[in-house]
Every structure is written in structure tokens, then in C-alpha cells.
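Chemist: with the sequence up front, the predicted model follows.
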Amino acid sequence: MKSYQLQAEQFLALPVGEAWDFLSNPANLERITPQHMGFRILAGADRSMFPGQIIHYSVSPFRGFRTRWVTEITHVAQGQYFVDEQRFGPYAFWHHKHFIEPADGGVRMVDVIDYKLPLGWLGHLAHGLLVKKQLSNIFRYRVAELERRFGQLPGKPAVLSFKTL
């Protein structure tokens, strides 16, 4: 089974504390996810983020397909990073690291997602045909939404890259 990695980097014009407050609040994930995905938090986002927190979602990643997704927040370093891991959902494996660090005039945000798809060669085929494009669209939307809300640092464009591992 092949594994994949998505890396996204973005520079925003806001202080680290404000970026942390927004990004570490699970309820804000709905605000930076494309509306057509019907993303809804079902349970677990009623408190500030903490290690061991379980969050239940409902999402429609593709038209006509709705699934439940359960993640656990496994690591939190206040103001620096947090990690969420899928416990139940559409991926065979999902490990998402969110980093926030000071940058000249704002913050640098880096997302690193290691993931695997189910179904062996069929999952690999689906990655090339659907999943990679869908994840790319989700993160492009997220970049645009965060830039709209907070502003991009001048001369620091967002970067999105995929690797097959």
C-alpha cells in the first residue's frame, strides 16, 4: 500500500497568539472547509483543544458520498503545533501535523499530512484520479479563506506539494 504526503505552507499577517487561537479551535475547521463538502462537527469540539480529544465529523468529500470521520488530537504544544490522527474514516491512515511559528511580520503555518488510502491498487488509482485533486482543492480553499480573514504576508506565496512515499 502506497503512502502519500501533502505539505502546505502559508504566511499570514497576524500574531502567533491570534493564529493559534483560531487554528487550534476545532469549531473553526468548518469555516475554512469548502461549503460544498457539507462538513459538520457532530461532537467533541465544545472545549479548547487538548491531547486525547476525540472529534466526530460528517463530511461529503465527493458528490453523493457522505462519511463519518473521527479524529483524535494526539499532541498539543501551546502556540506551536498540534497533531490530529484519524481513528475512523475514509483513509487507511491519516496523520496531520499543524505547525505555527513566528515569521517577520506575522506567522508561518505548515501542514504536513501523511496518509494512505484503502483498497490497495484501487486506492492508488483513486488517488491519481480523485483524492489528490480533492485534497488540493480543499487546501487551496483553506489558503484563500485564511488570507481573506487575516491577510497574506507580502512576497510570501502559499506553497502546496504532494509526495508519494
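Modeler: The structure has been received and is ready for your questions.
Chemist: buried residues in stretch 82-96, which are they?
Modeler: Of the residues in stretch 82-96, 82-86, 90-91, 94-96 count as buried by neighbour count, 16 or more other C-beta atoms under 10 Å. Where C-beta positions appear, they are placed from N, C-alpha and C, glycine not excepted.
Chemist: let me fix that: stretch 7-16
Modeler: Quick answer for stretch 7-16 (16+ other C-beta under 10 Å): 7-14, 16.
Chemist: and the least confident of the buried residues of stretch 82-96?
Modeler: Lowest-confidence member of the buried residues of stretch 82-96: residue 90, scoring 92 (pLDDT).
Chemist: give the contact list for the nearest residue to it once chain neighbours are set aside.
Modeler: Nearest residue to residue 90, sequence neighbours excluded (C-beta to C-beta, 6 or more residues apart in numbering): residue 67, at 5.2 Å. When contacts are counted by C-beta atoms under 8 Å, 6 or more residues apart in numbering, residue 67 touches 58-61, 89-90.
Chemist: residue 67: what secondary structure?
Modeler: strand (DSSP: H, G, I helix; E, B strand; the rest coil).
Chemist: circling back: which of the contacts of residue 67 fall in strands?
Modeler: Among the contacts of residue 67, the ones falling in strands (DSSP state E) are 58-61.
Chemist: what residue ranges in this protein score low on pLDDT?
Modeler: Counting by pLDDT under 70, the chain contains no low-confidence segment.
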